[in-house]
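Asker: for reference, the sequence and a predicted model appear below.
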Amino acid sequence: MLHVTYEAVNDLPPGRLVHVDEDRGRVAIRFDEDAPLQDVVRDFNIEVDRMVRSARWFQLWDDEIVSSNSPRHPLRIEFILEKRERRGVLFEERKGDLKAFVDPDIDVTRFAAVMNTLTAQHLSGGRWFQLYGGEIHDASPGSMSKV
C-alpha cells in the first residue's frame, strides 16, 4: 500500500521549509508551519521534482506507463499558487503532468490538511505508483508486486 502524508510542523532545521522522507510504500512530507505559503510551495516544487526524477515514480495513463524519462511526456508534478478551488487545492492531471493549483490565501497548516485528503483520493484512482527496492507500491490495499 502506498501512503503519502503531509504535516505542518515547527521543528524543521533552520532555513529548511520542506522535508520529504521517502521509503518503501511511504512518503512523509513535513512543511514549516510558520513559513509563508509561497516559500513552502517554492521549496516543495524543488523537492517534488527531485523525488519524481529519482525514476521511482510512475503514472499509468491509459495503457502507457509514464516516468520522468518518458521521451514525449516526461512525468512532472508542479504546485502553482493560483486560486481555482474553494477547498484550497485543485489537481489537474494529464498524461505525464499533474498540476496542483494552491489557493494563495490558505496557510501552510491548511495546505497540509487539504493535501492529505486530496492526495489520498487521487492515489485511490490507481494511476500512480512507486517502484522501490524492486517492489511496486500503489494505493490498493496490500499492494506490493515484485519486479
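Answerer: Perfect, thanks for sending it. Numbers count the residues shown, from 1 in each chain.

Asker: list the buried residues for stretch 132-139?
Answerer: For stretch 132-139, the neighbour count (16 or more other C-beta atoms under 10 Å) marks 132, 136-139 as buried. Glycine gets a C-beta too; all of them are placed from N, C-alpha and C.

Asker: which one is the residue most central in space within the chain nearest to, not counting chain neighbours?
Answerer: The centroid of the chain falls nearest to residue 48 when counting by C-alpha atoms, centre = their mean (6.4 Å). Closest residue in space to residue 48, ignoring its immediate chain neighbours: residue 77 at 5.0 Å, by C-beta to C-beta, 6 or more residues apart in numbering.

Asker: can you give the strand pairings for the helix or strand hosting that neighbour, parallel or anti for each?
Answerer: Using DSSP states H and E, residue 77 falls within strand 76-81. When pairing is defined by DSSP bridges, strand 76-81 lines up against strand 97-102 (parallel).

Asker: what's the strand holding residue 77 in contact with?
Answerer: Residues outside strand 76-81 that contact it (C-beta atoms under 8 Å, 6 or more residues apart in numbering): 37-38, 41, 44-45, 48-49, 52, 68, 96-102, 104.
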